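*Asks:* what shape does this take:
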Amino acid sequence: MRAIVIREHGGRDKLQLDETVPIPQAGPGQAVVRVHACGLNHLDIFVRRGMPGKHTPLPFISGGDIAGTVAELGAGADGITVGQRVLVDPAVPGGAIGEDLPGGLAEYALVPAANLIPLPDDVPFDEAAALPIAYGTAWRMLLTRGAVRAGEEVLILGAAGGVGTACVQIAKMAGCTVYAAASREDKLGKLRDLGADHLINYRDVEFDREVWRLTGKRGVDVVVDYTGEETWPRSIRSLRKGGRLLTCGATTGFEARTDLRYVWVRELTILGSDGWTREELEALLSAVRAGRIRPVIDRVLPLAQTAEGQRLLEDREAVGKVIIHPLE
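*Replies:* Okay, here's the model as predicted:
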């Protein structure tokens with residue numbers, strides 16, 4: 001089969017298209033999925049570069065967001081049939097598919113059968129493959145951990161990315177007023193189309209000052225910040241008294257400075273969120289089927305253009321998700 005194989009860590013040139021990779025065979029409790037769509041995430045970039053303190057067995061195939069059809073089932077794989085349309089839950093004990101187990105940037109992927117979620121016929125493969133890591137993370141962060149509710153004001157940083165566009169839609173679904181921050185006017189226009197109420201170009205203004213102005217010097221109820229080191233101090237200053245700061249990552253660095261005076265004077269709450277549950281992915285699928293959420297897909301690329309897809313993420317050119325079609 002064809003697959004994108006990482007044989008050594010480094011730049012995008014380390015993503016090699018290999019047409020001679022053996023098709024995996026399903027063992028007990030396993031399934032082989034014919035991959036119709038695989039969503040790209042920053043996790044794929046981190047795996048390619050190599051993560052400090054994290055050993056990746058090379059050669060390796062990344063790609064955690066997998067949607068396709070069941071090609072083979074091993075012994076003990078119950079409740080699923082060969083040929084069935086499925087979405088794969090990437091979460092495995094201690095890690096994730098595409099990070100700790102080989103992933104879906106290949107024509108076929110070997111996954112635990114217990115991770116297969118039946119995919120209704122009315123949910124396209126591309127939309128399903130956009131969901132698990134980005135939308136699952138956003139759903140848990142906003143609804144389960146952050147408990148956002150109707151009438152609250154929510155600032156979302158990096159709102160044009162995969163997690164960001166998911167947060168905009170989920171916050172709007174919950175009845176919130178959304179302040180969306182991004183780096184370009186064309187991105188902000190697309191965020192307006194998603195329902196964002198206030199648009200902030202953080203290249204032109206200091207976003208905390210702009211939030212303070214827009215809210216009449218009150219601040220917002222919730223800030224979503226997974227950028228980390230570069231934005232954290234301003235995120236703290238953007239919150240009202242009793243506000244909540246939500247985070248699920250730190251793309252610019254983990255050693256973020258916190259001015260504790262704001263934390264105690266404004267009685268702020270800092271909440272971390274990590275991953276998703278199967279139940280949350282199933283709730284997401286229901287929301288997509290009901291038309292309450294429509295995954296934002298920037299573009300779809302064939303397997304051979306995976307490096308270009310990662311470039312779009314690294315250079316922050318994509319609005320929403322980049323989807324790879326391994327069978328093309």
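
*Asks:* any idea how far apart the tips of stretch 286-296 sit?
*Replies:* Start and end residues of stretch 286-296 are separated by 16 Å (CA to CA, to the nearest Å).

*Asks:* tell me the buried residues in that stretch?
*Replies:* Within stretch 286-296, the residues that count as buried by 16 or more other CB atoms under 10 Å are 287-288, 293, 295-296. Quick note: C-beta positions are derived from backbone N, CA and C, even for glycine.

*Asks:* pLDDT (mean, whole number) over it?
*Replies:* Here stretch 286-296 scores 95 as its mean pLDDT.

*Asks:* identify the residues contacting that stretch?
*Replies:* 120, 122-123, 126-127, 130-131, 135, 162, 165-166, 169-170, 173, 190, 194, 284, 319-321 (CB atoms under 8 Å, 6 or more residues apart in numbering).

*Asks:* specify the local secondary structure of Thr144.
*Replies:* When classified by DSSP: H, G, I helix; E, B strand; the rest coil, Thr144 comes out as helix.

*Asks:* tell me the centre residue of this structure?
*Replies:* In the chain, the centroid-proximal residue (CA atoms, centre = their mean) is Ala134; its distance is 1.7 Å.

*Asks:* what are the phi and psi values at the closest residue to that one other than its chain neighbours?
*Replies:* Of all residues not flanking Ala134 in the chain, Gly162 sits nearest, at 3.6 Å (CB to CB, 6 or more residues apart in numbering). Dihedral pair for Gly162: phi -60, psi -50, per degrees, to the nearest 10.

*Asks:* can you give me the strands in the stretch 201-328 of the chain?
*Replies:* For the stretch 201-328 of the chain, the strands defined by DSSP state E, counting those that start in this stretch occupy 220-224, 239-247, 269-272, 297-302, 321-325.

*Asks:* partner strands of the third one, with direction?
*Replies:* To tie it back to what came earlier, the one meant is strand 269-272. strand 239-247 (parallel) (DSSP bridges).

*Asks:* what sits up against the strand it pairs with?
*Replies:* Contacts of strand 239-247 (CB under 8 Å, 6+ apart): 141-142, 145-146, 215, 218-226, 228, 235-236, 262, 266-273.

*Asks:* restricted to helices, list the buried residues of stretch 286-296.
*Replies:* Of the buried residues of stretch 286-296, the ones assigned to helices by DSSP state H are 287-288.

*Asks:* coming back round to it: which PyMOL command selects the buried ones in the contacts of strand 239-247?
*Replies:* Per 16+ other CB under 10 Å, the buried members of the contacts of strand 239-247 correspond to this PyMOL selection:
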select buried, resi 141+142+145+146+215+219+220+221+222+223+224+225+226+228+235+236+262+266+268+270+273
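
*Asks:* who's in contact with the residue of the chain most remote from its centre?
*Replies:* Distance from the centre of the chain peaks at Val265, with 33.2 Å (CA atoms, centre = their mean). By CB under 8 Å, 6+ apart, the contact list for Val265 is empty.

*Asks:* how close does it sit to Glu230?
*Replies:* 24 Å (CB to CB, to the nearest Å).

*Asks:* same thing with Ala77?
*Replies:* As judged by CB to CB, Ala77 and Glu230 stand 45 Å apart.

*Asks:* looking at these two now, which is surrounded by more residues?
*Replies:* Ala77 (21 against 15; other CB atoms under 10 Å).

*Asks:* from memory that one sits against Gly29, does it?
*Replies:* Yes - Ala77 is in contact with Gly29 according to CB atoms under 8 Å; the separation is 6.2 Å.

*Asks:* what residues are shared contacts of those two?
*Replies:* Contacts common to Ala77 and Gly29, judged by CB under 8 Å, 6+ apart, are Ala113.

*Asks:* tell me, how many residues neighbour the nearest residue to Gly219 once chain neighbours are set aside?
*Replies:* Closest residue to Gly219 apart from its sequence neighbours, by CB to CB, 6+ apart: Arg240 at 3.5 Å. Residues near Arg240, counting by other CB under 10 Å, number 19.
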